[in-house]
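*Asks:* 3D, please:
(chains A and B)
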Number of protein chains: 2
Amino acid sequence: MTQTPSIEFWFEFASTYSYPAAMRIESLALEHGVRIDWRAFLLGPIFKEVGWDDSPFNLYPAKGRYMWRDMQRVCNVYGIPLNRPSTFPRNGLLASRIACRNSDEPWLPQFVKSVYEANFARDLDIASAAVLQECLAGCVADPGKIIEDAQSSQAKTALRERTREASDRGVFGAPTFFVGSEMYWGNDRLEMALRSVA
Amino acid sequence: MTQTPSIEFWFEFASTYSYPAAMRIESLALEHGVRIDWRAFLLGPIFKEVGWDDSPFNLYPAKGRYMWRDMQRVCNVYGIPLNRPSTFPRNGLLASRIACRNSDEPWLPQFVKSVYEANFARDLDIASAAVLQECLAGCVADPGKIIEDAQSSQAKTALRERTREASDRGVFGAPTFFVGSEMYWGNDRLEMALRSVA
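*Replies:* Modelled structure (predicted):
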């Protein structure tokens, strides 16, 4: 019995370039015969470690202005809808706890994409339980139960540990991909990461 | 008479990802029928404006460690030799003054590539006039004259103005490409920038 090769996809719901990566990764991974390990985490604590209390795209306005223009071009190339969120970065804490707590559920990819669309295409507040309830509605029979579970201390601990793992492994931004110990940063590196899977 | 469409290539001799861009841009631009405007500038003054007194790859070690690994992979893909410089970032001031002062000379691309190879393949100190003299030797009859001219106050002013122009136009890193007013940042965007040239 041979194991399906896999790629770890580390994403943060507020991260702009994680959005096109999340929308593209499934079909690309399928083409390459690669399984995806979905790894939601938080960038906030990692940014804090280097002294940032906000997104670098807000702290460095020239970079931020460029990023929004570049995101529009990138999304155009892939045919992915983009409406610049009226709030950036949005708080993805609850969504991340849900995604972290349900990493291996078959509905997880659908939920993740739905949250990204809510944030970056529909300009909805993904910190809101009502919005996440709607995102979950297409995925599970009882969204309320999933949200309740995500507010448990176990769910909080799980996301904290996940984020610490990211930091320990050298993650400094999102999206980040791992193929074994090899790290790839950015939506631009998704294809290279998948090609590297033996 | 129609004008050949053009792309502006803004580069900094200490910038890692400017190296593969400099080595790749000529053949790609030729394929697209695009003229290259070579624009040497300095990142130091631009980094200072946002409070950085060193390369962000040194200031943020996790990002720096990743960059060197990624650079190796990127250079492997393109078949470009890379030997991590023993000093980073190297001081490209004199080289930039030469490149800025001789932007339109037919030998300029050869000189630029030679300086990048000295820095990133041969681990030579590109701040040294002797090293630059050698880089110029394959380009011009009298390298000493070019170096002397690059130390004139006109040459210093030209590079200062060039760097101010970069900052005014929103440049925050290198390489940066402009197609008209449209800005593209990073070696990864070279193909997209060239495709955008009508």
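
*Asks:* and the helix or strand harbouring A:Trp10, what other elements does it pack with?
*Replies:* For A:Trp10, the element it lies in under DSSP states H and E is strand A:6-11. Other elements packing on strand A:6-11 under the criterion 3 or more CB pairs under 8 Å, 6 or more residues apart in numbering or on different chains; DSSP states H and E are helix A:18-32, strand A:35-40, strand A:176-179. Every C-beta, even on glycine, is put in place using the N, C-alpha and C of the backbone.

*Asks:* Now do that strand: everything it contacts.
*Replies:* A:18, A:21-22, A:25, A:29, A:34-41, A:112, A:166, A:171, A:174-179, A:193-194, A:197 (CB atoms under 8 Å, 6 or more residues apart in numbering or on different chains).

*Asks:* so which of these also contact chain B?
*Replies:* A:Val171 (CB under 8 Å from any CB of the partner chain).

*Asks:* List buried members of the contacts of strand A:6-11 by neighbour count.
*Replies:* A:18, A:21-22, A:25, A:29, A:34, A:36, A:38-41, A:112, A:166, A:171, A:174-179, A:193-194, A:197 (16 or more other CB atoms under 10 Å in any protein chain shown).

*Asks:* before we move on, the earlier item: mean confidence (pLDDT) on the strand holding A:Trp10, please.
*Replies:* For strand A:6-11, mean pLDDT is 98.

*Asks:* Please report how far A:Ile25 lies from chain B.
*Replies:* 18 Å (CB to the nearest CB, to the nearest Å).

*Asks:* wait, that residue sits on A:Asp37?
*Replies:* No: using CB atoms under 8 Å, A:Ile25 is not in contact with A:Asp37, being 10.9 Å away.

*Asks:* hang on, the earlier thing: please identify the buried residues of the strand holding A:Trp10?
*Replies:* So for strand A:6-11, counting by 16+ other CB under 10 Å, buried means A:7-11.

*Asks:* Just the C-alpha atoms of that strand, please, in PDB.
*Replies:* Extracted C-alpha coordinates of strand A:6-11, given in PDB (Å, rounded to 0.1, in the frame of the first residue of the first chain):
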ATOM      1  CA  SER A   6       0.600  15.300   0.400                       C
ATOM      2  CA  ILE A   7       1.000  19.100   0.600                       C
ATOM      3  CA  GLU A   8       0.400  21.100   3.700                       C
ATOM      4  CA  PHE A   9      -1.600  24.300   3.000                       C
ATOM      5  CA  TRP A  10      -1.200  26.800   5.800                       C
ATOM      6  CA  PHE A  11      -3.700  29.700   5.400                       C
END
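
*Asks:* sorry, back to before: out of the buried residues of strand A:6-11, which is nearest to B:Val131?
*Replies:* Proximity to B:Val131 was ranked across the buried residues of strand A:6-11 by CB to CB; first place goes to A:Trp10, at 41.4 Å.

*Asks:* Look up which residues are beta-bridged to the closest one.
*Replies:* Beta-bridge partners for A:Trp10, by DSSP bridges, are A:Arg39, A:Thr176.

*Asks:* returning to what we had before: okay if I get the buried residues of strand A:6-11 as TSV plus distance to A:Asn83?
*Replies:* Formatted as TSV, the buried residues of strand A:6-11 follow (distance: CB to CB, whole Å):
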residue	distance to A:Asn83
A:Ile7	29
A:Glu8	29
A:Phe9	24
A:Trp10	25
A:Phe11	19
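
*Asks:* Among the residues you listed, find me the one that's closest to A:Ala129.
*Replies:* Using CB to CB, those come closest to A:Ala129 at A:Phe11, 20.5 Å.

*Asks:* Name the nearest residue to the closest one, ignoring sequence neighbours.
*Replies:* Once flanking residues are discounted, A:Phe11 sits nearest to A:Ser18: 4.2 Å by CB to CB, 6 or more residues apart in numbering or on different chains.

*Asks:* quick one: contacts for the one you found?
*Replies:* By CB under 8 Å, 6+ apart, the contact set of A:Ser18 is A:11-12, A:116, A:174-175, A:187.

*Asks:* how about the helices and strands packed on strand A:6-11 in a markdown table, adding mean pLDDT?
*Replies:* A markdown table is the format used below for the helices and strands packed on strand A:6-11 (pLDDT from 0 to 100):
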| stretch | mean pLDDT |
| --- | --- |
| helix A:18-32 | 97 |
| strand A:35-40 | 98 |
| strand A:176-179 | 98 |
